[in-house]
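Enquirer: Here is my input, please return the structure:
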Amino acid sequence: MKHHILTIAMLIWSGATILAEEPTDSITLNETLGEVTVTAQRKFTRPTSRGIKISMVGNPLSKIGSAIEAIKQMPMIDASSGGISVLGKGGNQAIYINGKLMRNNSELDMLSSEDLESVEIITNPSSKYGTEISTVILIKTKKKNEGFYAEGSGKVTAAEEWSENGQVSLNYHTEKGITLFGDMSYGSSGFKQKRDYREKFATAENMPFEYTTHTLANVKSRSQSLTADGGIDYTSGKNSAGVKYTFSRTPSNHFSYHAKSLSSVPWITDDITSTNNLNTQSFRHYMNGYADISLPFDIGMRIDLDYISGKNSSSNITVQEETTTEIFNHNETASKLAAGKIEFTRNFGDWEINAGADYTYTYSNQSFTSKSNSGDNNMLRPATDRVKQNLASGYLSADYRLNDKYCQYAIN
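Expert: Numbers count the residues shown, from 1 in each chain. Coordinates of the predicted model:
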């Protein structure tokens, strides 16, 4: 099966007015032994016309260690699911690091909290981030002085199973603005559980009587991950350019499930004992190139180029022990992405004009096979699904800042 999709999108005109709270200074009065001490507290968080901005210079959050853990502690951030998202905002989210779109979570994993200079949370992003984007997090890192830097960290935890991870980062900076960098991280995690399921149900024939099922299960999981990247970055005044390569791999991910079920249903007289083993592997190559160039007439130009290719595979074996039935499923997906974006920016007093265009090509080839020793191999026949997409869009936006509290923007 082949699908070819060509989409040309242009954004429509819209407008909005945003109200932000007025920042205030924080003063603490302490009275001790008849003396009054007035202490001024530096305010690290301030509202903007499009959200909030958190400064990390001198911020106690910079001492946490991990950049991800520091961001989880910031206002408006919801970390209840283990990841990073903005409270009360659905839809898609985009994270940018130094103006570059983050396409791999390992890019954030490599940063420490002391690397962060500021984090801005945008709750009303303009069209340049894409019409499907509902929130944007802009992360800016500190510029390091000339020299060689090496950082490393590791963590070991023990619950039902041992889990450990470690990472190392190497950077070399020159006085001419050239940075060479390389990072590597490895992790191994696992868990095991005992699960007890009890169910009651009834049918029209036996109402109001109930049937019951009772399932006892033992679950185990063990996974490994490896990420390495390297590249070069050049900065001179308002101009910068760089290229980065990232390789990520899941060498092994094993999940096992062994369960025994008892039932009071009269037509099910035997116990049901089953074992399930799932093994997955994956790898991905990611290349990114970018350039920020200051053109004549105070025009800023931004170029981003991305290429991603990878493969995911999974094998699942289910055994029903009483009948010695075995079912084997295998799924494999190969995918590619090539994307480019160009943007021009110009300020006219309180006005900021942005114009840009982007193009994305995606390709996915998925194959599925299923076999059984019962002889009924036609239940799920082998299948292949190929999908290609060509997506293009352009935009023009105007952002007018009335003051620190109000911002009017329009897009086309």
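
Enquirer: ranges for the strands of the stretch 251-400 of the chain?
Expert: Here the stretch 251-400 of the chain has its strands, by DSSP state E, counting those that start in this stretch, at 272-295, 299-320, 325-348, 351-372, 383-401.

Enquirer: how about JSON lines for those, with mean pLDDT added?
Expert: Conversion of the strands of the stretch 251-400 of the chain to JSON lines gives the following (pLDDT from 0 to 100):
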{"stretch": "strand 272-295", "mean pLDDT": "92"}
{"stretch": "strand 299-320", "mean pLDDT": "93"}
{"stretch": "strand 325-348", "mean pLDDT": "92"}
{"stretch": "strand 351-372", "mean pLDDT": "91"}
{"stretch": "strand 383-401", "mean pLDDT": "88"}
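
Enquirer: which stretch among these comes nearest Ser236?
Expert: Ser236 lies closest to strand 272-295 among the strands of the stretch 251-400 of the chain, at 9.9 Å (Cβ to Cβ). Every C-beta, even on glycine, is put in place using the N, C-alpha and C of the backbone.

Enquirer: So what angle separates the directions of the closest one and strand 299-320?
Expert: Calculated by axes from the mean of the first three to the mean of the last three Cα atoms, to 10 degrees, strand 272-295 forms an angle of 170 degrees with strand 299-320.

Enquirer: where exactly do the helices run in this structure?
Expert: If DSSP state H is used as the criterion, the helices of the chain fall at 67-72, 106-109.

Enquirer: which other residues reach the shortest one?
Expert: Right, helix 106-109. Ala67, Ile68, Ile95, Ile97, Met102, Ile139, Gln167, Ser185, Thr227, Asp229, Thr246, Ser248 (Cβ atoms under 8 Å, 6 or more residues apart in numbering).

Enquirer: Keep only those of the residues you listed that are in strands.
Expert: Counted as lying in strands by DSSP state E, out of these, are Ile95, Ile97, Ile139, Gln167, Ser185, Thr227, Asp229, Thr246, Ser248.

Enquirer: State the pair within these that is farthest apart.
Expert: Longest span within the ones in strands among the contacts of helix 106-109, Cβ to Cβ: Ile139 and Ser248, 19.6 Å.

Enquirer: for the stretch 1-150 of the chain, which spans come out with low pLDDT?
Expert: The stretch 1-150 of the chain contains residues with pLDDT under 70 at 1-42, 90-91, 127, 131.

Enquirer: Not counting its neighbours along the chain, what's nearest Ile178?
Expert: Leaving aside its sequence neighbours, Ile178 sits nearest to Tyr234 (Cβ to Cβ, 6 or more residues apart in numbering; 5.3 Å).

Enquirer: Give me the neighbour count for that neighbour.
Expert: For Tyr234, the count of nearby residues is 15 (other Cβ atoms under 10 Å).

Enquirer: returning to what we had before: adding mean neighbour count and distance to Asn276 as columns, could you present the helices of the chain in a markdown table?
Expert: Output for the helices of the chain, formatted as a markdown table (neighbours: other Cβ atoms under 10 Å; distance: least, Cβ to Cβ, whole Å):
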| stretch | mean neighbour count | distance to Asn276 |
| --- | --- | --- |
| helix 67-72 | 20 | 32 |
| helix 106-109 | 19 | 30 |
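
Enquirer: Using a markdown table, lay out those helices together with distance to Phe148.
Expert: Conversion of these to a markdown table gives the following (distance: least, Cβ to Cβ, whole Å):
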| stretch | distance to Phe148 |
| --- | --- |
| helix 67-72 | 21 |
| helix 106-109 | 22 |
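
Enquirer: Going along the chain, name the strands of the stretch 1-150 of the chain.
Expert: 2-10, 14-19, 26-32, 35-41, 45-48, 51-55, 77-78, 85-86, 92-97, 100-101, 116-122, 133-141, 147-158.

Enquirer: Next up, the contacts around Phe44.
Expert: Ile54, Ser55, Met56, Gly58, Asn59, Leu61.

Enquirer: Glu120 is in contact with the second one, correct?
Expert: No: the pair formed by Ser55 and Glu120 falls short of the contact definition of Cβ atoms under 8 Å, at 10.0 Å.

Enquirer: center of this structure - which residue?
Expert: Asn105 (4.9 Å; Cα atoms, centre = their mean).

Enquirer: Got the phi and psi for that residue?
Expert: Per-residue torsions, Asn105: phi -60, psi -20 (degrees, to the nearest 10).
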